[in-house]
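Participant: here is my input; please provide its structure:
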Amino acid sequence: MDEKIKEQILAIRETALTNMFDIQQVKCLACESDYDELAVFIEREPAQYLHFILTGE
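Facilitator: Numbering: from 1, shown residues only. A predicted model of the protein is given here:
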């Protein structure tokens, strides 16, 4: 996962609009925020996304 995706995840988290474990809602918010890289990443690598949410790594 590159730094841009990490920044986008953290930006979504800062909005407090959804539970970060609600992957579909995070993906929707990413699309609404023009975070296309994050939306694609969640679609292709959901396990890696969840690992980051759980561990910060």
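
Participant: do you know how far the residue nearest the centre of the chain is from T55?
Facilitator: By C-alpha atoms, centre = their mean, the chain has its centre lying nearest to I9, at 4.0 Å. As judged by C-beta to C-beta, to the nearest Å, I9 and T55 stand 12 Å apart. The C-beta positions use only the backbone N, C-alpha and C, and glycine is treated the same way.

Participant: cool, A16 as well?
Facilitator: Distance, A16 to T55, by C-beta to C-beta: 21 Å.

Participant: ditto for V26
Facilitator: 17 Å.

Participant: for those two, indicate the residue with more neighbours.
Facilitator: V26 (24 against 7; other C-beta atoms under 10 Å).

Participant: how many other residues sit next to C31?
Facilitator: Neighbours around C31, by other C-beta under 10 Å: 12.

Participant: and stretch 50-57, how far out from the chain's middle?
Facilitator: 11 Å (C-alpha atoms, centre = their mean, to the nearest Å).

Participant: just stretch 28-42 next, same as before
Facilitator: Its chain's average C-alpha position is 7 Å from that of stretch 28-42, according to C-alpha atoms, centre = their mean.

Participant: over to stretch 34-43?
Facilitator: For stretch 34-43, the distance to the chain centre is 7 Å (C-alpha atoms, centre = their mean).

Participant: may I see the buried residues of that stretch?
Facilitator: With burial defined by 16 or more other C-beta atoms under 10 Å, the residues of stretch 34-43 counted as buried are Y35, L38, A39, F41, I42.

Participant: nice, that's everything, thank you.
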